[in-house]
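>>> based on what follows, work out the 3D shape:
(chains A, B, C and D)
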Amino acid sequence: MAQKYELKQREVWDGNLAAAHALRQAQVDVVAAYPITPSTPIVQNYAQFLADGYVDGEFVMVESEHSAMSACVGAAAAGGRVATATSSQGYALMVEVLYQASGMRLPIVMTVVNRALASPLNIHGDHSDLYLGRDAGWIHLIANNPQEAYDLTLCAFRIGEDERVRLPVTTNQDGFLVSHTAQVVEPLSDEEAYKFVGDYKPKYPMLDTKNPVTYGAQTEEEWHFEHKVNQHKALMESFPVIEEVFSEFEKLTGRKYNLVETYKLDDADIALVLMGSAFETAMLAVDKAREEGIKVGLLMPRVFRPFPYNEIAKKLKNVKAVAALDRSAPMGTTGALFNEVSAALMANGQSAIMTNYIYGLGGRDTTVEHILEVIKETNENKKANKRVTPLQGFINLRGPKLSFN
Amino acid sequence: MATPKEMLTTWDKVQFAAILPAFEDLEHKKRSKFHSYNYSVADWRVEKPVFNRELCIDCDFCWVSCPDSCFMVEEVVNKRGKKQAKIVGINYNLCKGCGVCVDVCPTPIKSLLMFPEYVDTEEALKQWPKKD
Amino acid sequence: MLQIRWHSRAGQGAVTGAKALADVMARTGKYVQAYSVYGAEKRGAPMTAYDKIDDKPILDHSKWMRPDYVLVIDPSLVFQEEIVNNTTDDTVFIVTTHMDKEDLLNVAKHLQGKKVYVIDAIKISQEEIGRAIPNTPMLGAFVKISGIIPFEDFLVSIKDILSKFPQKIIDGNLRAIKRAYEEVK
Amino acid sequence: MKNITNLKEFACTPDRFQGGHRLCPGCAHSMIVREVVNATDDDLVISTATGCLEVCSAIYPYTSWDVSWIHIGFENAAAAISGAEAMYKALSKKNKLYNPDKRVKFVAFGGDGGTYDIGFQSLSGAVERGHDFLYVCLDNENYANTGGQRSSSTPLGAHTTTTPRGRVSYGEKQRKKDLTMIMAAHGCPYVATAIPSTKHWKDLAVKAAKAIETVGPTFINALSPCTTEWKFKPEETTEIADLAVETCAFPLYEIEDGRKLRITYRPKVKLPIEEYLSRQGRFSHLFKPENKWIIAEWQKQVDEYWDYLQRREEAGV
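Model prediction:
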């Protein structure tokens, strides 16, 4: 039996420690992981919990992220609760196996600390790794601060393991800005947290050797489409389950999460769409802009996959101009949030003026002032009733102004 | 390799996560319809091995070296009271006609021989080489 | 919102110090943020850590700040002009040095006209803790100068925060904190 | 440990790897696999690297496995099985095993591509971590699944589709990597070589039984003559394997605790290497006059290695 961990009502935890405590409280059976900045402290904290007797499960320190996810898949198929953590290059090395995990419908939870992808090498936060994994068939939840990193990691187990879902889930937090920033976190007690997460419900466990099963069969053109569509369907139909879990979490903690988060959007003329810690920074920019009479609001998909496109369109129904802010190098096109929000509006017969901003690559600072600038530019589009600013701009980029149309 | 018609089904009826249970009932060794044991590779054959029980000494070389688990055995008890395997036949659904069993058969006149696929077993046994 | 910037070398405990201060203040019901700016540098490289303390949840995740306090815990970093970046005339500097304030200002001209306090946190930590980890004595000095929290309350919290360490280390740190509280000027 | 005495009794084992798979007629892989999975009465969980065995034994909607089985990718059979084994340990500790009355053992299969090459890192890692599993390399000395490309196990002079013989080339330029010794150097409690053969069936079955029973990571390198890519008739599979042993091209031995080497079979008369090479189409070009030196080099290497094995055995190191 694991030792009881004494927790205060208010802890000062950074995002990494918060995620590690959530893994501990979920009583994960197997954690297989490989350290990489900035998610290393999750792995280290977990190792310390184990060393101090706070964890009962197995902790496998593998020789690479590829093997980390492979061991997670093997362990999950064997029939128990499994989690890991990674960032950036480690995430990239895992990608092959991410697809295997989701294809086998294994509810692995991965606490991702988002970081840029090389080259050039950079250890700081952006969403390149998250975007890399967006088609991998996982549910992706976005946390903006350590409290959310903790809360959403607990929710991730419930969502992924739900009979109606059975999919792997990542919880994402910005490298350093959340992962290494200590803030006040109000944790649940170990008992409450485990009760919320619940016992693991096995489905086709390999270790039930009285009912042997084959995982990872080959499907060719006669079968592959049908299986992939099923997997897609599970993602598309996971929205109500996610909402249900969020609502139960609210009952327990008073903290409310939504598929789509908004800030002062109800009466807004224009909106910014962005994810991650910058969403909170942008709230301060919105307050300032409103003082100047600009009716602006914010929107963030709390759930990046499945992408709540109709919900987003509904929430943006009354705005005239939208700026989508992507924290990933777009590499030859417009940013993913821009593309998906534009498509969501278009598909619902809405025609807000859309612009795209790239920001925060490799941890580049994005301040309230920077975002205020974007709000003002977006407001110009609204006033002109057509796009008068560039299609794609870059925030806090040194040098002559760069833009694409 | 085409899937047999009776197995081909629609997206809403495929196996969850393409996971295949081996057994319907493990205790009674009833393999599920997803087991390749219930699939036939008979049409791969050009020649087939024919088994001559009368010449067989139950060395079980064919059993151990068959790549397709074709040799059906029955557990019997020998004179010394020990259990041993008696070869009782070939599962022609699983046999691809590789000929390994004939190659390894050690009896002076082989108890396994290859015959063209169209020769039936009775006819093959009639054609068996005789002792001098 | 109160904003504090730490200047130190990696390994001197500024991150731990910043987190400890955040922890102390969170116990009084405040909202806090403690973070640092990391590079790929190793032990010995100059680095900065930050505290933000407020009555309401802290939403700003940008790294930019206009510090109310600048805490310099390495005696050589005081000569780097970066320590006055984004400061105002009201910004208070608490600096680790073996010099007295006048001598210091003569050689660190960028500090002239600033509100500067000095403390030899290196010497104190070496004498009381046995190692040059000047983060906790700096906290003692900061509590004295800022008056942010009654010293007794601070000691109760910091004792609890240090409780995972051996008693010898705890006692040394508490002595260092008390000395710094007395000696800062 | 399962008591394996004679074939008549061993053949009573209910087969846990079944036919109906799509491996080539005469494939050595399934001969080896059948012996390994039948060499224990414990329940098994198996992982398999991408390769001939994997694609042929689990073509949806069919599986050939009577035991729990997983395939994830080409390079991670060892990592996958280490995860499953860790879960077994975790659930035992927590008293949450599905069938507490049965002991579960773990086995991974990979071809030489998935073992010598792309999967070597995950194999080395899993072995170093000390997971309790047996890894069996089905070594057919080429990437047979994708049409016979070279691997680091391909021996000198062999024709493969990426080291083809040609007007100016005699095929593979490198000698076969000595993976068995590399695995022994990991300090595995048990490492062995084996072949599929009626003559040596017991050698393989007993080694498998021993390896599965041993606690900790164990490794068997099983030569798997490939009728399709080595170019011999399907019925000759075990003959070719026997020749590999009789010429000492692939000697049978085992190593305990990374050091104690024991030769498990000594040919009465060591046959010349031509006897082995001449039976395989992949080496046919070596018998041209200009390539005769390669056969001589082969013989030299085989002799030296056989000598080395005997000296190690004698020295007990």
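>>> give me the buried positions along the regular element (helix or strand) spanning residue A:247.
Secondary structure assignment for residue A:247, by DSSP states H and E: helix A:239-253. Buried positions in helix A:239-253, judged by neighbour count with 16 or more other C-beta atoms under 10 Å in any protein chain shown: A:241-243, A:245-246, A:249, A:253. Quick note: C-beta positions are derived from backbone N, CA and C, even for glycine.
>>> same question, stretch D:230-250
For stretch D:230-250, burial by neighbour count (16+ other C-beta under 10 Å) applies to D:230, D:232-250.
>>> just the terminal-to-terminal distance for it.
Stretch D:230-250 has an end-to-end distance of 15 Å (C-alpha to C-alpha, to the nearest Å).
>>> please see if it touches chain B.
Yes - Stretch D:230-250 lies within reach of chain B by C-beta under 8 Å from any C-beta of the partner chain, at D:233-239.
>>> can you put the residues you listed in TSV and add secondary structure and pLDDT?
Shown next, in TSV, are these (DSSP: H, G, I helix; E, B strand; the rest coil; pLDDT from 0 to 100):
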residue	secondary structure	pLDDT
D:233	coil	98
D:234	helix	97
D:235	helix	98
D:236	helix	98
D:237	helix	98
D:238	helix	98
D:239	helix	98
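>>> need the residues that contact the helix holding residue A:247.
Residues outside helix A:239-253 that contact it (C-beta atoms under 8 Å, 6 or more residues apart in numbering or on different chains) are A:139, A:151, A:154-155, A:158-159, A:162, A:164-165, A:186, A:188, A:192, A:196, A:255-259, A:303, A:306, A:308.
>>> so which of these are in helices?
Counting by DSSP state H, the contacts of helix A:239-253 place A:151, A:154-155, A:158-159, A:192, A:196 in helices.
>>> give me the number of residues near residue 121?
No chain in the question, so chain A it is. Neighbours of residue A:121 under the rule other C-beta atoms under 10 Å in any protein chain shown: 11.
>>> chain D was what I was after
Using other C-beta under 10 Å, the number of residues around residue D:121 comes to 18.
>>> sorry, back to before: any idea which of the ones in helices among the contacts of helix A:239-253 is closest to residue B:127?
The shortest approach to residue B:127 among the ones in helices among the contacts of helix A:239-253 belongs to residue A:159, at 68.3 Å (C-beta to C-beta).
>>> distance check, the closest one against residue A:141.
Distance, residue A:159 to residue A:141, using C-beta to C-beta, to the nearest Å: 8 Å.
>>> quick one: residues contacting residue 123.
As the question left the chain open, I've gone with chain A. Contacts of residue A:123 (C-beta under 8 Å, 6+ apart): A:37-38, A:88, A:115-116, A:175, A:363, C:38-40.
>>> meant chain D, my bad for not saying
Under the criterion of C-beta under 8 Å, 6+ apart, the neighbours of residue D:123 are D:77-78, D:110, D:115, D:135, D:183.
>>> restricted to helices, list the contacts of residue A:123.
By the criterion of DSSP H, membership of the contacts of residue A:123 in helices covers residue A:88.
>>> pLDDT-wise, what's the bottom of the contacts of residue A:123?
pLDDT is lowest at residue C:40 among those; the value there is 62.
>>> what about the nearest residue to residue D:13 once chain neighbours are set aside, how many residues nearby?
Nearest in space to residue D:13, with sequence neighbours left out and distances taken as C-beta to C-beta, 6 or more residues apart in numbering or on different chains, is residue D:38 at 4.3 Å. Counted with other C-beta under 10 Å, the neighbours of residue D:38 add up to 22.
>>> ok, now residue D:288?
Residues lying near residue D:288 (other C-beta under 10 Å) number 11.
>>> which of the residues of stretch D:230-250 next to chain B sits closest to residue D:141?
Nearest to residue D:141 among those, counting by C-beta to C-beta, is residue D:237 at 13.8 Å.
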